[in-house]
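S.K.: coords please:
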Amino acid sequence: MLAYIIFTTVFLGLSSGAIIQPRVSSNSSSAIQRFSFTAAILYGPTGYYRQVCGGAVLTATAVLSAASCLDTQGRPNPVSQYRVRAGSAQPNAGGSVVSIYLINLHPNYNYKTLQSDIAVLRTDTLTYSAAVQPVAVAGANYYVSDNDDVLVIGWGQNQSVSAELRNTLRYVQQKVVNPSYCKALLGYEGLTVTDGMLCTSRAGGEFCDGDYGGPVVHAATGVLVGVAAYSYRCGERRYPSVSTRVAAYTNWIVDAAK
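M.R.: This is a model prediction of the structure:
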């Protein structure tokens, strides 16, 4: 109950216009205390668990991620194959690891188009600390404008950094792309961009494999506005990156996290 109260209070605060100070302002490796809501999704079908995706702590017993990190053709994989690590800047060491007892994919999730690519994981209880805190979630009426800065946080591979840095939590700053432009550009490639998606420019950096499911926060407020979904032709920065737009799913997220 305490976790639900904390989450609801944060949500109501956003609806009333509460502002959270920005955490960082430039690209770099980042200590977990700067992004204490960031979690690593671990996958281990053979019992050896390694980080495959990112997530965001919603409550002490709920973590938000991408449905595509947790499914096989639209159906949840067994919960026994996954764990969540929180409170560490390293994806495969430190912090605390908890089990998952429910994978809740959004009912409209389409694994082919990545529409509604969002999921809530119900977990054993995380202990809050300076390194583990819930994220502030965008309310249904929360908007980011074209050219607004967002921060994408994760451990995914990046060709511009060494393998050693890939094992340290990092973030990249991107700008919100006009949705009509994004739909036209990616639509030309046969991809569907819906109103439930948020497009961002890769000019200043990108997210790739291992980053999907990770938090995308509004740089001006620290509010969670997206869940990293995919980067078409990762490495080609002329294409926008695509995230699931959190504000389109706020009510579902709140219900699923109870």
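S.K.: Note down every partner strand of the helix or strand residue 100 falls within and its orientation.
M.R.: Element membership for residue 100 (DSSP states H and E) is strand 96-105. Partners of strand 96-105 in the sheet, by DSSP bridges, are strand 82-86 (antiparallel), strand 119-123 (antiparallel).
S.K.: so what's the backbone phi/psi at residue 183?
M.R.: In terms of degrees, to the nearest 10, the main-chain angles of residue 183 are phi -60, psi -40.
S.K.: quick one on the thing from earlier: how about the strands paired with strand 96-105 in TSV, adding mean pLDDT and mean neighbour count?
M.R.: Just so you know, the C-beta spots here come from the backbone N, C-alpha and C atoms, and that holds for glycine as well. TSV is the format used below for the strands paired with strand 96-105 (pLDDT from 0 to 100; neighbours: other CB atoms under 10 Å):
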stretch	mean pLDDT	mean neighbour count
strand 82-86	97	23
strand 119-123	98	25
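S.K.: Adding distance to residue 92 as columns, could you present those strands in TSV?
M.R.: Shown next, in TSV, are these (distance: least, CB to CB, whole Å):
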stretch	distance to residue 92
strand 82-86	8
strand 119-123	18
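S.K.: For residue 132, which of these is the nearest?
M.R.: Taking CB to CB, strand 82-86 is the member of the strands paired with strand 96-105 nearest to residue 132, at 4.8 Å.
S.K.: Identify all contacting residues around that closest one.
M.R.: Contacts to strand 82-86, defined as CB atoms under 8 Å, 6 or more residues apart in numbering, come from residues 38-44, 49, 51, 55, 57, 63, 70, 91-92, 94-100, 103, 121, 123, 126, 131-132.
S.K.: again, only this time at 7 Å
M.R.: 39-43, 49, 55, 57, 63, 70, 91, 95-100, 121, 123, 126, 132 (CB atoms under 7 Å, 6 or more residues apart in numbering).
S.K.: Any of the residues you listed buried? List them.
M.R.: Neighbour-count burial (16 or more other CB atoms under 10 Å) applied to those gives 39-43, 49, 55, 57, 63, 70, 91, 95-98, 100, 121, 123, 126, 132.
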